[in-house]
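[1] Got a sequence here, can you build the structure:
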Amino acid sequence: MAAPRPLTVVPGEASESDSEQELLVGAAAGAPGAGLKVPGEASETEEEEEEEEEHRPKTSPVLAEEPATVWGGGQGSPSLLQQRLREGTGRLQGAVGSALRQSYGSAARSLGGLEGALGRAQVTAAAAAHCLRLARRDLRAVADTIDIVTACRLLPDIRVQL
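    Below you'll find the model as predicted:
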């Protein structure tokens, strides 16, 4: 006959028969790690569950949610993370829009002020140019009059001594 095959147990795998489970329990009782609680393992009695609840730290509702719900893997309403991301995005868009409106509004007001100042400067420059044309015309008239007087031989020669 063939020698009995040793049992290989894969952690997390369900036992295939009651006898296999009894073998594992019997082997684990003498092992140094017997009685240790494995995270994620179901408790065997209600008393253990109550003890775990007493020693378990209280978590906030956000941390108590399932990862699929937090990340939006579940169906239905959007997850808390998605809601917060939307709120943050909305606030960011509002802040950026406000900043752009403020800067563009400020620039538009500044350009409007510059446009008004430029218009006033143009009017002043046009008035100054008109005054200079009038002054030049008057100076030409005076120069013509002086030329007539100096060229006229009919007038006596008057010399003023100082």
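[2] what about residue 91, distance to residue 153?
    Between residue 91 and residue 153 the computed distance is 96 Å (Cβ to Cβ, to the nearest Å). (C-beta placed from N, C-alpha, C; glycine too.)
[3] same deal with residue 82?
    Separation of residue 82 from residue 153 (Cβ to Cβ): 108 Å.
[4] list the helices and strands the strand or helix carrying residue 122 packs on?
    Per DSSP states H and E: residue 122 is located in helix 80-151. When contacts are defined as 3 or more Cβ pairs under 8 Å, 6 or more residues apart in numbering; DSSP states H and E, helix 80-151 sits against helix 67-70.
[5] and with 6 Å instead?
    Contact partners of helix 80-151 among helices and strands, from 3 or more Cβ pairs under 6 Å, 6 or more residues apart in numbering; DSSP states H and E: none.
[6] Any idea how many residues pack against residue 80?
    Using other Cβ atoms under 10 Å, residue 80 has 15 neighbouring residues.
[7] confidence score at it?
    Looking at residue 80, its pLDDT reads 92.
[8] again, but for residue 22
    With respect to pLDDT, residue 22 has a value of 51.
[9] neighbour count winner among residue 91 and residue 153?
    More crowded of residue 91 and residue 153, by other Cβ under 10 Å: residue 91, with 10 against 6.
[10] Name the SS class of residue 161, please.
    coil (DSSP: H, G, I helix; E, B strand; the rest coil).
[11] Next, give phi and psi for it.
    Recorded main-chain torsions at residue 161 are phi -100, psi 130, according to degrees, to the nearest 10.
[12] what's the neighbour count on it?
    Neighbours around residue 161, by other Cβ under 10 Å: 3.
[13] which ones are touching it?
    If a contact means Cβ atoms under 6 Å, 6 or more residues apart in numbering, then residue 161 has no contacts.
[14] how near is it to residue 96?
    From residue 161 to residue 96 the distance is 87 Å (Cβ to Cβ).
[15] can you check residue 155 too?
    For residue 155, the distance to residue 96 (Cβ to Cβ) stands at 85 Å.
[16] what's the answer for residue 127, then?
    Distance from residue 127 to residue 96, by Cβ to Cβ: 47 Å.
[17] One more: residue 115?
    The gap separating residue 115 from residue 96 is 28 Å, by Cβ to Cβ.
[18] Please apply the same query to residue 128.
    Distance from residue 128 to residue 96, counting by Cβ to Cβ: 47 Å.
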